[in-house]
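# would you be able to build a 3D model of this:
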Amino acid sequence: MTLYLDLLRHGETELGGGLRGSLDDALTAKGWEQMRSAVVERGPWDRLISSPLQRCALFAQELGARLNLPVSLEKDLQELHFGAWEGQSAAALMQTDAEGLGLFWADPYRFTPPEGETVSDFSKRVLGAVSRLHQAYAGERVLLISHGGVMRLLLAQARGLPREQLLNVEVGHAGLFSLHVAADGVLTEGA
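I've put the predicted structure just below:
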C-alpha cells in the first residue's frame, strides 16, 4: 500500500538564511504567514508529522489543533547537522572555508563540514524515518513538516537524481511538494 506524503518546508526564520542545521530558530511573522498560506485549500491529511525543531513543530501543533489532527514529532526528520558551519552563510564560509564549501557543493556525500553529520548518515536517518512512517501509516495522506535538506534528499531520490545533484534541488521557504512512498520504499513525485 502507498503512503501519500506531502512535504512542507518551514518558513522564514528569525536568524535568517545560512546553514541553520540543528539550531532551533523561531519563525518570523512572515514565516508563519508563508506556512499558513502554503496549506490553504490543501489536504485533507490524516495526520501531521514534524521535525521537533520549533520552526516546524510550532506550526504543526497550530495546524493540528485547527484541523483536529494528530501531531507527532520525529527527531530523525531534523535538518542535517552542519557542525562548525552551523549558523554561517555561504558568503561567510567563502571567506573562511571556500575550499570546503566548494567541495561540499560539488558532492555533499564526499565532503562533510567540520564536526558535521555525513550526508550518508543523514540519508540513512531520514530514509529510515520515512520507512517507519510507511509501516505505520500506509494508505494515509500525511503532511510532513520539515527542512530544506530533508526535502532535497527525498525529492532527489524521487526524481532519480545523481547524488552530486542533491543541492541543486530547489526548495523555498514554505515549499510544498507531494510524494508517494511505495511498499518497497520507492519514492515518486506526484499529487
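# which parts of this structure are strands?
For the chain, the strands defined by DSSP state E occupy 3-9, 47-50, 71-73, 141-146, 176-181, 187-189.
# the ones you listed into CSV, with extra columns for distance to T96 and mean pLDDT?
For the C-beta atoms, the positions are set from N, CA and C on the backbone; glycine is no exception. CSV is the format used below for these (distance: least, C-beta to C-beta, whole Å; pLDDT from 0 to 100):
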stretch, distance to T96, mean pLDDT
strand 3-9, 27, 97
strand 47-50, 33, 98
strand 71-73, 34, 98
strand 141-146, 28, 98
strand 176-181, 33, 97
strand 187-189, 36, 95
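# quick one: closest of these to S120.
Closest approach to S120 among the strands of the chain is made by strand 187-189 (17.5 Å; C-beta to C-beta).
# packing partners of the closest one?
helix 148-159, strand 176-181 (3 or more C-beta pairs under 8 Å, 6 or more residues apart in numbering; DSSP states H and E).
# of all those, which one is nearest L166?
L166 lies closest to helix 148-159 among the helices and strands packed on strand 187-189, at 5.0 Å (C-beta to C-beta).
# H81 and Q165: what is the separation?
Distance of H81 to Q165, computed by C-beta to C-beta, to the nearest Å: 22 Å.
# same deal with L3?
Taking C-beta to C-beta, one finds L3 at 25 Å from Q165.
# of the two, who's got more company?
When L3 and Q165 are compared for neighbours, L3 comes out ahead with 22 against 13, by other C-beta atoms under 10 Å.
# buried ones in the helix ranked longest in the chain?
In the chain, with assignment by DSSP state H, the single longest helix is helix 119-137. Neighbour counts using 16 or more other C-beta atoms under 10 Å place V119, F122, S123, R125, V126, L127, A129, V130, L133, H134, Y137 of helix 119-137 among the buried residues.
# quick check: angle from that helix to helix 148-159?
Calculated by axes from the mean of the first three to the mean of the last three C-alpha atoms, to 10 degrees, helix 119-137 forms an angle of 80 degrees with helix 148-159.
# and helix 119-137, how far from the chain's centre?
Its chain's C-alpha centre and that of helix 119-137 lie 12 Å apart, by C-alpha atoms, centre = their mean, to the nearest Å.
# equivalent analysis for stretch 1-13, please.
With C-alpha atoms, centre = their mean, you get 8 Å for stretch 1-13.
# and the strands of the chain as a markdown table, adding distance to M94?
As requested, those are exported to a markdown table (distance: least, C-beta to C-beta, whole Å):
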| stretch | distance to M94 |
| --- | --- |
| strand 3-9 | 24 |
| strand 47-50 | 33 |
| strand 71-73 | 35 |
| strand 141-146 | 27 |
| strand 176-181 | 29 |
| strand 187-189 | 32 |
